[in-house]
Every structure is written in C-alpha cells, then in structure tokens.
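Trainee: I'd like to go over a predicted model; first the sequence, then the structure.
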Amino acid sequence: MLKRHGETLRLGLMAWEAVLAAGVWEGTYWLRFYSGAFAVSEGIPPHSFYRLAAPMVALTFHLIFRRFGLYSPWRTRGMVDETIVLGKAFALAGLVLGGLSYAYHELLLSRLFLLVFLAVFLTGVLATRIGVRTALRMLRTRGYNLRHCLIVGDGAQARDLAERLRQQAWLGLHVAGILGSPAPLTVAAGTGPRTDGAADLASMLRDQDIDQIFLVLAPTDPGFASVIETANTEGIPVTVAPDPKVFGPLLHARAESLAGIPVYTLIDSPIFGAGAIVKRAFDVVFSLFVLLLLSPLLLLLAVGVKLSSPGPVFYRQERVGLDGERFAMLKFRTMPVDAEQTTGPVWNRKGAARATPFGALLRHTSLDELPQFLNVLRGDMSVVGPRPERPYFIEQFKHEIRLYNVRHRVKAGITGWAQVNGWRGDTSLEKRIEFDLDYLRNWSLWLDLKIVLLTVFRGFWHENAG
C-alpha cells in the first residue's frame, strides 16, 4: 500500500511541477513584455514561439530533476539537502536554457527573461516541496504514510536507533521489530513478532510487510551477509547503520567506483570540492585583512621581542598539518633561543618559567600566534582548524589517544573549536581531540565564522595559554 501511495505522490509531484514550469514560462512572457515592469526596446517577440517552447522547457526540467534524484524518496533527508540539490539542478537547467537563448537570440529569448523565469520557478518548486513535506509530516505523526522498518542488530545501538525513530515520528518510520544477529535470529521482547532462526527472516519480511531494513551489525558478523542476501531476494532496501564507536568518528564516508567496483572511503576530509575553494578563499581574504589591519601592532610586537632578549624576532617550529605534512610554523619568539637545548621538546605546562617577561605577556594574550596568518597565506594552515602539534608528541599521542591522527585530514588552524570552548594549553588532551573530531564531522563555512567570532568576543587571554 505504501509503495502505491508513494508512486501516486511521485507522479502527482512530477505532473504538478511540469504544469508549474509551463505556467511560469507563459507567465514570465506576460510579465516581461506586457506588464510594464520591464522596458521593451526591440519589440515584442511572437507569443507562438514561447507557447511552443513551454512543453520543451517542462520536459527539460523533468529530465534534469530525475537525473538529480529529485523524484526519489527523500524521507530521511532534510529540506536543506533537497534545496542544495535543487540549486544544482537549476544551475544545469540555466546552462541549457542559456544555450537556447544564444541560439535563438533573434527571438529575444533574453537573459533577463531566463533569470526572471528561473527565480519564479525555483520559488514555486521550493514552496511546493516545503508544503508537501509539511503535509506529510503532519500525516505521519498521526499514523499515516508510514514505512515499516525492521532493525537487525544487537545491543544498545539497535535500541537507541529504535527510540530515535519513535521520537521523530514525523519521519514516518515505524519500527516493526528488532532482531538480533543470526543464527538464530531473535526479536527483542515487546518490539515485534518472534522468530526462531535465520530461515524465518524471509517469511517475516513478507508477513509483516516490511518496507526497509536497518542493519546494525558489524561487517564481520556472520549474519551480516545473510541478511543482505535475504533482503535482496525479497527486494527490500537495506540501510547500514554502523556502530558509531567504530565509524562515527571517521568523518565522511565517500562512495566511489574503482574499476567498476563500488568502494567506500571511511576516513576522508569533509572539506573538498567547492567547500575547499570557499574555505581557501576565506583564509586568504581574512588573513590579508588581519595582517593589513594589525600591521602597526605587528611592528610594535616585533620591536618588543627584539628588545626583550637577544635572538631573532620569529620562532620557527616544526609542526604537522594536512595529511601529516610537516611545515615551519611561525610565532613571535617568547623564549630564550636556547630554552630547549638541554631539555629537548617538552610539553608546555602552566606556570613553567621558560618564557621571557615580554614573551609571557605575548603568550597569555595569544599575540605570539599572529605571524601564523603568514602560514595561512602560504597554504600551510587555515584560519580555523585543529591546532598543529609537533612531530615528537604526535608519535606519542597517536598510540595513546584513539583517532588522534584523524585530525590531520584537514589543515591545522590558528584557532579552533576546541580552543573557543576552553580546551587549550595545559588542559585535557582527550577533550581537545573530542572537539577537533566534532569540528571535522560538522564543518561548514558558518561554523568557521562562528569560531572566528567566538575567538574575537571571548578574547585572546586565557589562563592556560602561558
């Protein structure tokens, strides 16, 4: 029943958006040439051309929407994700229609006409899809349009998933049962029907009219493959929900094709493609702005370092950044030049009397970090990211702290999510890594801007910075 209803909704949405495309195309013709809102300097083109083009425009959008999966089920994906995909689809459609405007420029298929059409049609599509989502959420919270799911897995993770689906009733994912790993398969008490073995899974899938399986088993579990095989035989989709203790901290999984074989990269950077370009552009622009704005202060600090103790103004220290590459990180020198000559590399501890008086002031105010904006311009660092560490300590920490080296999947930063939350200097290294991994999982340009603002408004002074 659900599949029939879903198909009806899908066909209805396709039909409505085709009519909407043709209608907006016709309406844009009237708005552009007869409403008086826009100047018409070269005469009004024949309406017959636009009327004949309307079905072709609707077909173009239909094919592009299908190509981008916009008529596939989006139950478990948010409106933000759908809007991003719609933006990509409209960008491609704009290129196609732009080519037509070039080919038929004598018919005044102008860029202004196309911009108005695309803006109005995009608004209509977004309004439609928001309305559909809102209506479906209301129906699902009342027990309609439900997709019956079976959770296959053991322990707390399976129960947690079931509870989350129950709390988020608007998703319309009804948990019909929780099954342990084969063999035998056993259903948790009170969650659904009981089965005595793996052989009963197929009959249960049919009898309970299961629409989807959530597989909460490790790939090494003997029941993993058998569940997928049975689901494939019955034609039921399987969604793998891996153990977050194993896969959760490993950033974004990325699907690719390797010689025709689907492969998944589990440890990958969340910053790639357009995101990497945007982040790099922000780094360059912001660093130039800071260096130009604070150039008088930088000059005064350089003079202060030079006068406070003999030695160079800058201190170059080897640190580890993106992909484990080493680079020379710049700081205003805060210690005597021979501070580590006898001790070797040591972890900075609160109260350690290694800094010069002027250097101690620079550390407590974090002003010694300002030269690192030059590292950002060189591409060694980013404005925001996990703080870089020295190779000597990384060799220790990577064996002591789980997933420590995952933080090197992005560029090191001058400031970071851990630092603005108070985990800097002589504080818990485990908590710092926890926040670094949280940043990697949730990175966005807006999060970077938030961290920069928190760095500014919470001040640079910190009791653990010295």
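Mentor: Looks like it came in fine.

Trainee: please, where are all the strands along the stretch 101-250 of the chain?
Mentor: 147-153, 173-179, 212-216, 238-240 (DSSP state E, counting those that start in this stretch).

Trainee: typo on my end, it should be the stretch 351-466 of the chain
Mentor: With DSSP E, counting those that start in this stretch as the criterion, the stretch 351-466 of the chain has strands spanning 382-384, 413-415.

Trainee: do you know which of those strands lies nearest residue 58?
Mentor: Of all these, it is strand 382-384 that lies closest to residue 58, at 44.1 Å by CB to CB. For every residue, glycine as well, the C-beta is placed using N, CA and C.

Trainee: give the other helices and strands that that closest one contacts.
Mentor: helix 274-293, helix 372-378, strand 413-415, helix 445-457 (3 or more CB pairs under 8 Å, 6 or more residues apart in numbering; DSSP states H and E).

Trainee: which residues does it contact?
Mentor: 279, 282-283, 286-287, 373, 376, 410-417, 447-448, 451-452 (CB atoms under 8 Å, 6 or more residues apart in numbering).

Trainee: what sits against the nearest residue to residue 224 once chain neighbours are set aside?
Mentor: Excluding its sequence neighbours, the residue lying closest to residue 224 (CB to CB, 6 or more residues apart in numbering) is residue 217, at 4.8 Å. The neighbours of residue 217, taking CB under 8 Å, 6+ apart as the test, are 152, 153, 154, 181, 223, 224, 227.

Trainee: tell me the pLDDT of the third one.
Mentor: Which is residue 154. Looking at residue 154, its pLDDT is 72.

Trainee: now, of the contacts of strand 382-384, which are buried?
Mentor: 279, 282-283, 286-287, 373, 376, 410-417, 448, 451-452 (16 or more other CB atoms under 10 Å).

Trainee: would residue 327 count as being in a strand?
Mentor: Yes - assignment of residue 327 by DSSP: H, G, I helix; E, B strand; the rest coil places it within a strand.

Trainee: what is the neighbour count of it?
Mentor: The local packing of residue 327 (other CB atoms under 10 Å) involves 20 other residues.

Trainee: now do the phi/psi pair for the residue nearest to residue 224.
Mentor: Dihedral pair for residue 217: phi -130, psi 150, per degrees, to the nearest 10.

Trainee: residue 51 touches residue 26, doesn't it?
Mentor: Yes - with contact defined as CB atoms under 8 Å, residue 51 counts as touching residue 26 (7.0 Å).

Trainee: looking at these two, which is more packed in?
Mentor: Between residue 51 and residue 26, counting by other CB under 10 Å, residue 26 is the more crowded of the two (17 against 13).

Trainee: secondary structure element for that one?
Mentor: If you go by DSSP states H and E, residue 26 is part of helix 2-33.

Trainee: other SSEs contacting the helix or strand following that helix?
Mentor: Heading C-terminal from helix 2-33, the first helix or strand you meet, by DSSP H and E, is helix 47-67. Here helix 47-67 touches helix 2-33, helix 79-103, going by 3+ CB pairs under 8 Å, 6+ apart.

Trainee: next one: the first one to chain centre, how far?
Mentor: Helix 2-33 has its average C-alpha position 30 Å from the chain's average C-alpha position, going by CA atoms, centre = their mean, to the nearest Å.

Trainee: kindly report the same for the last one.
Mentor: Put simply, helix 79-103 sits 22 Å off its chain's centre (CA atoms, centre = their mean).

Trainee: quick check: mean pLDDT of that helix?
Mentor: Here the average pLDDT along helix 79-103 is 81.

Trainee: next, the angle from that helix to helix 47-67.
Mentor: 140 degrees (axes from the mean of the first three to the mean of the last three CA atoms, to 10 degrees).

Trainee: any residues touching helix 79-103, and which ones?
Mentor: So helix 79-103 is contacted by 57, 60-61, 64-65, 67-70, 74, 109-111, 113-114, 117-118, 122, 125-126, 129-130, 133 (CB under 8 Å, 6+ apart).

Trainee: for PyMOL, what selects the buried ones among the residues you listed?
Mentor: The PyMOL command for the buried members of the contacts of helix 79-103 (criterion: 16+ other CB under 10 Å) is given here:
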select buried, resi 57+60+61+64+65+68+70+74+109+113+114+117+118+122+125+129+133
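
Trainee: which residues of the stretch 101-250 of the chain score low on pLDDT?
Mentor: 101-110, 140, 143, 145, 170, 180-200, 232-235, 242-250 (pLDDT under 70).

Trainee: check what pLDDT residue 6 gets.
Mentor: 57.

Trainee: how many residues are close by residue 8?
Mentor: 10.

Trainee: measure it to residue 406 for me?
Mentor: Here the criterion is CB to CB, to the nearest Å. By it, residue 8 lies 45 Å from residue 406.

Trainee: kindly report the same for residue 238.
Mentor: 27 Å.

Trainee: and the helix holding residue 26, what does it pack against?
Mentor: Looks like helix 2-33 contacts helix 47-67, helix 111-141 (3+ CB pairs under 8 Å, 6+ apart).

Trainee: give me the more crowded residue out of residue 238 and residue 406.
Mentor: The residue with more neighbours, out of residue 238 and residue 406 and counting by other CB under 10 Å, is residue 406; that gives 21 against 15.

Trainee: out of the helices and strands packed on helix 2-33, the one nearest residue 441 is which?
Mentor: The nearest among these, by CB to CB, is helix 111-141 at 25.3 Å.

Trainee: what angle do the closest one and strand 173-179 make?
Mentor: Using the same axes, to 10 degrees: helix 111-141 against strand 173-179 is 50 degrees.

Trainee: name the helices or strands packed onto helix 111-141?
Mentor: helix 2-33, helix 79-103.

Trainee: thinking again about what came up before, quick one: the residue nearest to residue 224 from residue 389, how far?
Mentor: Counting by CB to CB - residue 217 and residue 389 are separated by 36 Å.

Trainee: then residue 161?
Mentor: Taken as CB to CB, the span from residue 161 to residue 389 is 36 Å.

Trainee: likewise for residue 26?
Mentor: 62 Å.

Trainee: ok, residue 238 next?
Mentor: In terms of CB to CB, residue 238 sits 41 Å off from residue 389.

Trainee: got it, and residue 89?
Mentor: Distance from residue 89 to residue 389, by CB to CB: 43 Å.

Trainee: and what of residue 139?
Mentor: Residue 139 is 52 Å from residue 389, by CB to CB.

Trainee: which of these two has more neighbours?
Mentor: residue 389 (20 against 14).

Trainee: what is that one paired to in the beta sheet?
Mentor: residue 320 (DSSP bridges).

Trainee: correct me if wrong: it contacts residue 395.
Mentor: No - the pair residue 389 / residue 395 is not scored as a contact, 10.1 Å apart, by CB under 8 Å.

Trainee: pull the distance from stretch 149-166 to the chain's centre.
Mentor: 24 Å.

Trainee: show me what counts as buried in that stretch.
Mentor: Buried, per 16+ other CB under 10 Å, within stretch 149-166: 149, 150, 151, 152, 153, 154, 157, 158, 159, 161, 162, 165.

Trainee: just stretch 383-391 next, same as before
Mentor: Quick answer for stretch 383-391 (16+ other CB under 10 Å): 383, 384, 385, 386, 387, 388, 389.

Trainee: looking at the residues you listed, spot the one nearest residue 366.
Mentor: residue 387 (11.4 Å).
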